[in-house]
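J.: Provide a 3D model corresponding to the input given below.
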Amino acid sequence: MTDTPNASGEPDELYLDAAATEPVTRNVIEAMMPFMTDAYANPASVHQPGKTAARALDAARASFAAGLGARPDDVIFTSGGTESDNLAIKGIAMARMRALGLQPVYGLAGDDEPSGVNPAPAGEHPASRRPRIIISSIEHPAVAQSAQWLHEWFGFEVVHIPVDGQAHLDLDALEQELDGEAGERTTLVSAMLANNEVGTVEPVEELVRIAHAHGVPIHVDAVQAAGQIPIRMRDWDVDALSVSGHKFGTPKGLGALLVRGRTPIEPVLSGGGQERGLRSGTQNVAGAVALAIGLNESNARMAAQYRELTDSRDMLIDAVRRVVPRAELTGDPVSRLPGHASFIFPGVTGEALLVDLDARGIAASSGSACAIGRHEIPGTLLAMGLEPQIAKSALRMTFRRPLTREEIERISMALEDSYTELTH
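T.: Next up, the predicted model:
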């Protein structure tokens, strides 16, 4: 991320979409290479090459766990954040449904009954047996759609906890939803640690306290937070936590679910029983090594540059507000990710602004990067109470290293020019 001119004499593109993905570092690539060339054996094999691979896998697991405040046996390696969220939501909810003696319920008013599934037995009140899951109203589609799957196929009641105008979860609403008989039917609470669209960091320790006071496990989606803010899974007493490697410098398609041994969970994939029987399939040793190295590098960078990164973020926010007075910061101005600046720009669409900025050599985004190329209204902004037309004007700028004053000046000037042209 530099302002150095390229061969054509134009400044290099400023990449301000780190929340979507990061580049893979040279150290990560070099660490992976031996396990794709020489030490390539299956870690489940009993011969010496297999044992070499198994030792590397164990070492990577231990290092990765330490970087998240967890223990090695908490770590289940997966293909990324989406798989980790699916395993947590579906696996824990189904296991808890069985443990609580709840049964799938269908045929309730307003529900679609999946084909081939029996409705609730005659004479029983379905609502008194119906399993529940609680998620926030700003969850990533990997969580929200997994919860919806439980509703469609097992009759789960899905409860969405609202947020305020800065995307903070309503803790009183969560408490109320866990009180009484309804709380006794609740299988899981799931909430993200840091919001991908507006950068707000949630009070995870309070969420854990409330959930555990009612005997309900909690899953935390930490995909946007890992490597950006300190994570202490065991200290926070979190039951399950999802991360995705390409958010902190590994190749795409790598991630993990950290889940405590005390937490009931069913596998989503069936097979040979790898990863504590929860994620069958031959382990990706090179990928596990990449996760360990990438997280270690990101954590070290965070520790060394956190204040400088936060300061440059705040300088960028001030600069944008100065050149476009109508721009409004979204999310919490203080309790937010250090390299995350997000705004709404009334009078334009985020899509038009992104296209114009891209032509000026600045790559940003409008929110979540998981809408398969579609420009959609950021769901978090709608949950925060913004009107759809205003939410369409969202712009997100995310970065992992501090911006220079020259870069901030370049960004603010480009935004001023783009906004002026698009509104006239």
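J.: from here on, just use CA atoms for contacts and neighbour counts.
T.: Fine.
J.: what's the weakest-modelled helix or strand in the protein?
T.: Between all helices and strands in the chain, the lowest mean by mean pLDDT, DSSP states H and E belongs to helix 180-184, at a mean of 93.
J.: list the neighbouring strands of whichever helix or strand comes after it plus their orientation.
T.: Next helix or strand after helix 180-184 toward the C-terminus (DSSP states H and E): strand 186-192. In the sheet, strand 186-192 lines up against strand 132-136 (parallel), strand 218-221 (parallel) (DSSP bridges).
J.: let me have these in JSON lines, extended by distance to Glu406, mean neighbour count and mean pLDDT.
T.: Putting those into JSON lines (distance: least, C-alpha to C-alpha, whole Å; neighbours: other C-alpha atoms under 10 Å; pLDDT from 0 to 100) gives the following:
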{"stretch": "strand 132-136", "distance to Glu406": "39", "mean neighbour count": "23", "mean pLDDT": "98"}
{"stretch": "strand 218-221", "distance to Glu406": "35", "mean neighbour count": "27", "mean pLDDT": "98"}
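J.: turn the ones you listed into a markdown table, including distance to Ala144.
T.: Shown next, in a markdown table, are these (distance: least, C-alpha to C-alpha, whole Å):
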| stretch | distance to Ala144 |
| --- | --- |
| strand 132-136 | 7 |
| strand 218-221 | 11 |
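J.: for Asp17, find the nearest of those.
T.: Ranking the strands paired with strand 186-192 by proximity to Asp17 (C-alpha to C-alpha) places strand 218-221 first, at 19.5 Å.
J.: now that closest one - C-alpha only, CSV.
T.: Output of strand 218-221 as CSV, limited to C-alpha atoms (Å, rounded to 0.1, in the frame of the first residue of the first chain):
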residue,chain,number,x,y,z
ILE,A,218,-22.2,-19.2,23.0
HIS,A,219,-20.5,-19.2,19.6
VAL,A,220,-18.4,-16.1,18.6
ASP,A,221,-17.7,-15.4,14.9
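J.: how about residues contacting it?
T.: For strand 218-221, the external contacting residues (C-alpha atoms under 8 Å, 6 or more residues apart in numbering) are 85, 88-89, 188-193, 208, 211-212, 238-243.
J.: now whichever helix or strand comes after that strand: average pLDDT?
T.: Counting by DSSP H and E, the next helix or strand C-terminal to strand 218-221 is helix 233-236. The average pLDDT within helix 233-236 is 98.
J.: stretch 414-424 now?
T.: Here the average pLDDT along stretch 414-424 is 96.
J.: name the nearest residue to the most centrally placed residue in the chain, ignoring sequence neighbours.
T.: The residue lying closest to the centre of the chain (C-alpha atoms, centre = their mean) is Val223, at 3.1 Å. When the adjacent residues along the chain are set aside, Val223 lies closest to Val243, with 4.3 Å between them (C-alpha to C-alpha, 6 or more residues apart in numbering).
J.: hmm, that neighbour is touching Ala256, no?
T.: Yes - Val243 lies in contact with Ala256 (C-alpha atoms under 8 Å); the separation is 5.5 Å.
J.: what touches both of the two?
T.: With C-alpha under 8 Å, 6+ apart, Val243 and Ala256 have common neighbours Gly80, Gly81, Ser84.
J.: got TSV for the residues you listed, with pLDDT too?
T.: TSV is the format used below for the shared contacts of Val243 and Ala256 (pLDDT from 0 to 100):
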residue	pLDDT
Gly80	98
Gly81	98
Ser84	98
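J.: those residues in strands, which ones?
T.: If you go by DSSP state E, the shared contacts of Val243 and Ala256 have nothing in strands.
J.: who has more neighbours, Val243 and Ala256?
T.: Val243 (30 against 27; other C-alpha atoms under 10 Å).
J.: name the element the more buried one belongs to?
T.: Val243 is part of strand 240-244, with elements assigned from DSSP H and E.
J.: elements contacting that strand?
T.: When contacts are defined as 3 or more C-alpha pairs under 8 Å, 6 or more residues apart in numbering; DSSP states H and E, strand 240-244 packs onto helix 81-86, strand 218-221, strand 255-259.
J.: mind putting these into TSV with distance to Pro104?
T.: Below are the helices and strands packed on strand 240-244 laid out as TSV (distance: least, C-alpha to C-alpha, whole Å):
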stretch	distance to Pro104
helix 81-86	19
strand 218-221	21
strand 255-259	24
